[in-house]
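Asker: Got a predicted model here, sequence first, then my questions.
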Amino acid sequence: MHMLLVIIGGAALLCVFALFGKLWGGDAAGAATAAKIFLPAWLAVSLTNMWVGVTKAGYTVAQELPILLLVFAVPAALAAMLAWQLARN
């Protein structure tokens, strides 16, 4: 359940990045740039989530690595699709 909540939080954070990109950029290109900027920010959040799982919850790195990949990959794929769609228009 926690993993699903983190993925949904990542999608929500992507929406916030895209909204601010559109507001500050004034067009879809600003939102596409914001989606690209989202990727390193989301990687940092995902790595922090993994660190908490290893240090506080007692999981091993080997147990947390697949979770990290899934938690990062789903919102990152959404960001890549958003950037690609907005760059086309």
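Answerer: Sure, I can see it. Residues are numbered from 1 along each chain as shown.

Asker: So which residue of this structure lies furthest out from the middle?
Answerer: For the chain, the largest distance from the centre (CA atoms, centre = their mean) belongs to Gly58, which lies 24.1 Å off.

Asker: quick one, helices of this protein?
Answerer: 2-25, 28-55, 61-88 (DSSP state H).

Asker: Now that Met50 has come up, it's in contact with Leu69, right?
Answerer: No - counting by CB atoms under 8 Å, Leu69 is not a contact partner of Met50; they are 9.7 Å apart. Every C-beta, even on glycine, is put in place using the N, C-alpha and C of the backbone.

Asker: Comparing those two, which residue is more hemmed in?
Answerer: Taking other CB atoms under 10 Å, Met50 and Leu69 do not tie; Met50 has more neighbours (19 against 12).

Asker: Report pLDDT for Asn89.
Answerer: pLDDT recorded at Asn89 is 68.

Asker: any weak-confidence spans in this structure?
Answerer: Low-confidence segments of the chain (pLDDT under 70): 89.

Asker: how about stretch 49-64: buried residues?
Answerer: Going by neighbour count (16 or more other CB atoms under 10 Å), the buried part of stretch 49-64 is Asn49, Met50, Gly53, Val54, Glu64.
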